[in-house]
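Visitor: everything below, folded, please.
(chains A and B)
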Amino acid sequence: MRTTGTVQKTETVPIQSSSDVVVVRQRVRAWTTDMKFSLVEQTKIITAASELGRNTLEHGGGGKMELSLVVNGARQGIQLCFSDQGPGIADIAQALKDGYSTGQGMGLGLSGSKRLMNEFEIDSKPGVGTSITAIRWK
Amino acid sequence: MERIPILRMGNYLLVTIQVDMHDKLALTLQDDLTNRITEVNAKGVLIDISSLEIVDSFIGRTLANIASMAKVLDAETVVVGMQPAVAITLVELGMSLPGIRTALNVESGMEYLRETVTGHEESDEDDGDSTED
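Guide: Reported below is the predicted structural model:
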């Protein structure tokens, strides 16, 4: 599931502070509105972006989100790619469990946002960084 | 510093969240509200989230924390006006907000607070809970 579509247009949002996470939500809202996702779908995508953006900030020490419009045949989707140069995730399977948390959260960020999106991929190397790509198709 | 206003109406504190809250702002609200509860001896807190377009795990947890802190300080909390899309997303995210009392709108939220708060004061000796659900 590495390349599930052709990337059509992109936008990059830096994530360095908690107000940047608000900007992440606003940009994702603008994109999903433009792409005419339903209100419930928009809410799910923005919520997932908020969780992943916070992870990038809290666990990755900051990074960026790259928003893309992906096309696969007749299908259009929004792709969110969050990347950081943080410590990385040692055990991805464990990090994806509900309730698992290294921070002070509830451990729903990764597992929950995976449920809110259609495709979800984590690429992480300890000491190098993490990149998480999530797609929601229309 | 940016703050969310807290209004006082008798024994109650009312908060309407109208901005897209960043995490620090949510934590400031949590601190401000708990301080105000003790300052004015509030018995009820109503939080209107009808303008919130999303509630993620952080905001959800902050709301739950506010409700538990208020409870310890002898005040009831009710969260009102959650949009249907927000409710659907929260449950799918894995947060069903146990421990948070919700109501559909400000009016029924206030009604709940009045019933619970006066109920407490009148029936101190019979501690059987008269919850209707």
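Visitor: what residues of stretch A:32-40 count as buried?
Guide: Residues A:32, A:35, A:37, A:40 are the ones in stretch A:32-40 that count as buried (16 or more other CB atoms under 10 Å in any protein chain shown). (Each C-beta comes from the backbone N, C-alpha and C, glycine too.)
Visitor: ok but the last one is inside a helix, no?
Guide: Yes: residue state for A:Val40 (DSSP: H, G, I helix; E, B strand; the rest coil) corresponds to a helix.
Visitor: retrieve the pLDDT associated with it.
Guide: Looking at A:Val40, its pLDDT is 97.
Visitor: just checking, what packs against the helix or strand of chain A with the lowest mean pLDDT?
Guide: For chain A, counting by mean pLDDT, DSSP states H and E, helix A:92-95 ranks last in confidence among helices and strands (a mean of 88). Judged by 3 or more CB pairs under 8 Å, 6 or more residues apart in numbering or on different chains; DSSP states H and E, helix A:92-95 is in contact with strand A:119-125.
Visitor: pairing partners for the strand it packs on, with directions?
Guide: strand A:129-137 (antiparallel) (DSSP bridges).
Visitor: which positions in the partner strand come out as buried?
Guide: For strand A:129-137, burial by neighbour count (16+ other CB under 10 Å) applies to A:129-137.
Visitor: same check on stretch B:20-31?
Guide: Across stretch B:20-31, burial judged by 16+ other CB under 10 Å covers B:20-23, B:25-26, B:28-30.
Visitor: give the next helix or strand downstream of the least confident helix or strand of chain A.
Guide: Scanning forward in sequence from helix A:92-95 by DSSP states H and E, the next helix or strand is helix A:109-116.
Visitor: all strands for chain B, in order.
Guide: Counting by DSSP state E, chain B has these strands, from start to end: B:6-9, B:12-16, B:44-48, B:76-80, B:101-103.
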